[in-house]
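> heads up, no residue letters with this:
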């Protein structure tokens, strides 16, 4: 599973409900939620 940095928890967390998205410039990214606090987390790059 992909990991992303959660700003609220200040730690690397597994991405809950990961969703692959494409940025405006065409780069791939993954977004989802932090499993601990529910904050939106985002990671640029293929995951």
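That came through, no problem. What you see is a predicted model, and the numbers here were worked out from it, not measured in a lab. Residues are numbered from 1 along each chain as shown.
> give the contact list for residue 17.
Applying CB atoms under 8 Å, 6 or more residues apart in numbering to residue 17 gives the contacts 32, 33. Every C-beta, even on glycine, is put in place using the N, C-alpha and C of the backbone.
> and what of residue 34?
Counting by CB under 8 Å, 6+ apart, residue 34 has contacts 6, 8, 9, 13, 16, 40, 41.
> Mind picking the two most distant members of these?
8 and 16 (13.7 Å; CB to CB).
> quick one on the thing from earlier: by neighbour count, which of the contacts of residue 34 wins?
Neighbour count (other CB atoms under 10 Å) singles out residue 41 as the most crowded of the contacts of residue 34, with 26 neighbours.
> give me the element that residue is part of.
Assigned by DSSP states H and E, residue 41 belongs to strand 40-44.
> ok now that strand, how far from the chain's centre?
Chain-centre distance of strand 40-44: 3 Å, with CA atoms, centre = their mean, to the nearest Å.
> thinking again about what came up before, now go through the contacts of residue 34 and say which are in strands.
Residues of those located in strands (DSSP state E): 6, 13, 16, 40, 41.
> ok so, going back, show me the contact partners of the strand holding residue 41.
Contacts of strand 40-44 with the rest of the structure, by CB under 8 Å, 6+ apart, involve 2-6, 13, 15, 23, 27-34.
> Direction included, what does that strand pair against?
Strand pairing for strand 40-44, using DSSP bridges, gives strand 28-33 (antiparallel).
> which parts of the partner strand are buried?
For strand 28-33, a neighbour-count test (16 or more other CB atoms under 10 Å) marks 29, 30, 31, 32, 33 as buried.
> Next: stretch 35-46.
Buried residues in stretch 35-46, counted by 16+ other CB under 10 Å: 41, 43.
> got the end-to-end distance for it?
Taking CA to CA, to the nearest Å, stretch 35-46 runs 20 Å from one end to the other.
> What's the mean pLDDT across that stretch?
For stretch 35-46, the mean pLDDT works out to 95.
> same question, stretch 18-26
In this model, stretch 18-26 has an average pLDDT of 96.
> Contacts made by that stretch with the rest, please.
1, 2, 28, 29, 30, 31, 32, 44, 47.
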